[in-house]
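J.: What follows is a predicted protein model with its sequence.
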Amino acid sequence: QVQLVESGGGLVQAGGSLRLSCAASGRTFSPYRMAWFRRAPGKEREFVAAISWSTGSTYYADSVKGRFTISRTNAQSTIYLQMNSLKPEDTAVYSCAARIAPTALVVEATTYMYWGQGTQVTVSS
């Protein structure tokens with residue numbers, strides 16, 4: 001069984017930065033793609049960013065493009081989300097997700113098999 005554990009959330013002022021981490025543990029883990037999603041209070045879960053493991057290709061939601069950066073370390077099966085120029089509307093629970101089998105789908109949450117518990121990010125104005 002694969003477990004994903006997020007860390008790095010917290011409270012930050014608008015304009016500030018945070019770096020989220022997501023570490024995978026369990027059986028031999030070879031993801032096809034990993035991603036970050038978020039859910040704000042009263043809203044549906046939305047795609048934030050994704051990275052393809054073998055190619056390193058990255059994908060971003062328009063709302064975070066230019067401010068957030070997703071990266072990975074192969075050895076530790078860990079992904080990161082560097083969040084800069086944070087805005088109050090970035091406040092949400094951020095969760096990482098992973099998919100093992102290849103797919104062309106990137107932003108659809110239902111295509112990801114493994115999920116972490118989430119970490120709270122709060123941006124004050």
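T.: The structure has been received and is ready for your questions.
J.: what's across from Val123 in the sheet?
T.: Val123 forms beta bridges with Val12, as assigned by DSSP bridges.
J.: Contacts only, for it.
T.: Residues near Val123 by C-beta atoms under 8 Å, 6 or more residues apart in numbering: Leu11, Val12, Gln13, Ala14, Gly16, Leu86, Lys87, Pro88, Glu89, Asp90, Thr91. Placement of C-beta: from N, CA and C, glycine included.
J.: Also Pro102?
T.: Pro102 neighbours (C-beta under 8 Å, 6+ apart): Tyr32.
J.: roughly how far apart are it and Tyr32?
T.: 5 Å (C-beta to C-beta, to the nearest Å).
J.: re the thing from before, could you turn the buried ones of the contacts of Val123 into a PyMOL selection?
T.: The following PyMOL line selects those of the contacts of Val123 that are buried, judged by 16 or more other C-beta atoms under 10 Å:
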select buried, resi 12+86+90+91
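J.: which of the contacts of Val123 sit farthest apart?
T.: Leu11 and Glu89 (15.2 Å; C-beta to C-beta).
J.: on that earlier part again, is it possible to get JSON lines of the contacts of Val123 that adds distance to Pro41?
T.: Listed next are the contacts of Val123 as JSON lines, based on distance: C-beta to C-beta, whole Å:
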{"residue": "Leu11", "distance to Pro41": "15"}
{"residue": "Val12", "distance to Pro41": "17"}
{"residue": "Gln13", "distance to Pro41": "19"}
{"residue": "Ala14", "distance to Pro41": "17"}
{"residue": "Gly16", "distance to Pro41": "20"}
{"residue": "Leu86", "distance to Pro41": "17"}
{"residue": "Lys87", "distance to Pro41": "15"}
{"residue": "Pro88", "distance to Pro41": "12"}
{"residue": "Glu89", "distance to Pro41": "11"}
{"residue": "Asp90", "distance to Pro41": "13"}
{"residue": "Thr91", "distance to Pro41": "8"}
